[in-house]
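**Q** Provided below are the primary sequence and the corresponding predicted coordinates.
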Amino acid sequence: MLLVLCALSVVVVAEETHCGGTPDRLCDVKPEAVYYKEPPITDSEVSYKQLKTMFPSSSIQLFDVRNPDEFEAGHIPGSTNVPLGELQKALRLSSDQFKQRFGVRAPHKEDSSIVVYCQRGRRSATALDIMWALGFSRARHYAGGYSDWVQREEQQRRH
């Protein structure tokens with residue numbers, strides 16, 4: 001049984017949760033812990049324009065939470081594929097294990113340059129919930145997703 005009390009944008013987990021093999025934004029979080037439901041420092045969404053301005057910075061950590069076959073069919077340049085079903089486990093890896101598994105440095109909880117995206121924004125919103133529950137309170141998502149990216153990139157090429 002899971003009891004979650006929500007008040008003033010804070011989630012308190014009263015009992016340990018169990019996944020049963022299904023990703024859940026509060027799966028395996030510690031009981032009696034307090035997690036932010038909404039980001040306390042930054043806005044939760046990044047627009048196409050904001051994302052484009054972040055690219056000159058090598059510090060951006062862009063994670064595509066779609067399935068590997070979707071990623072291989074096309075993705076935002078510079079992004080790393082961490083499928084939604086693996087995200088929680090991936091974020092708990094040591095820095096060395098994360099680098100070995102995904103080929104990029106592991107995100108840190110205090111990083112403000114973490115952006116997740118998917119095809120249209122639903123999975124990345126779930127990914128954001130997972131990240132916030134694990135303490136990555138400054139992470140954001142590109143709500144338009146890869147679909148929006150492709151459309152806007154095509155518009156840029158025409159003009």
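**A** Good, I have the coordinates.
**Q** my read is residue 62 is in a strand, agree?
**A** Yes - following the definition DSSP: H, G, I helix; E, B strand; the rest coil, residue 62 is counted among the residues of a strand.
**Q** what's the neighbour count on it?
**A** As a burial measure, residue 62 scores 21 neighbours (other Cβ atoms under 10 Å). All C-beta atoms are positioned from the backbone trio N, CA, C, and that covers glycine.
**Q** for residue 49, same thing?
**A** Using other Cβ under 10 Å, residue 49 is surrounded by 9 other residues.
**Q** and what of the one 10 residues further on?
**A** Other residues near residue 59 number 10, with proximity taken as other Cβ under 10 Å.
**Q** measure it to residue 105 for me?
**A** As defined by Cβ to Cβ, to the nearest Å, residue 59 lies at a distance of 10 Å from residue 105.
**Q** and if you look at residue 45?
**A** Applying Cβ to Cβ, one obtains 24 Å for the distance of residue 45 from residue 105.
**Q** more neighbours: which of those two?
**A** Remark: of residue 45 and residue 105, residue 45 carries more neighbours, 17 against 13, as counted by other Cβ under 10 Å.
**Q** thought that one was touching residue 148?
**A** No - Residue 45 lies out of contact with residue 148 (Cβ atoms under 8 Å); the separation is 11.4 Å.
**Q** identify the bridge partners of the residue nearest to residue 75 when sequence neighbours are not counted.
**A** Closest residue to residue 75 in three dimensions, ignoring its sequence neighbours and counting by Cβ to Cβ, 6 or more residues apart in numbering: residue 64, at 5.2 Å. Following DSSP bridges, residue 64 is listed with bridge partners residue 81, residue 117.
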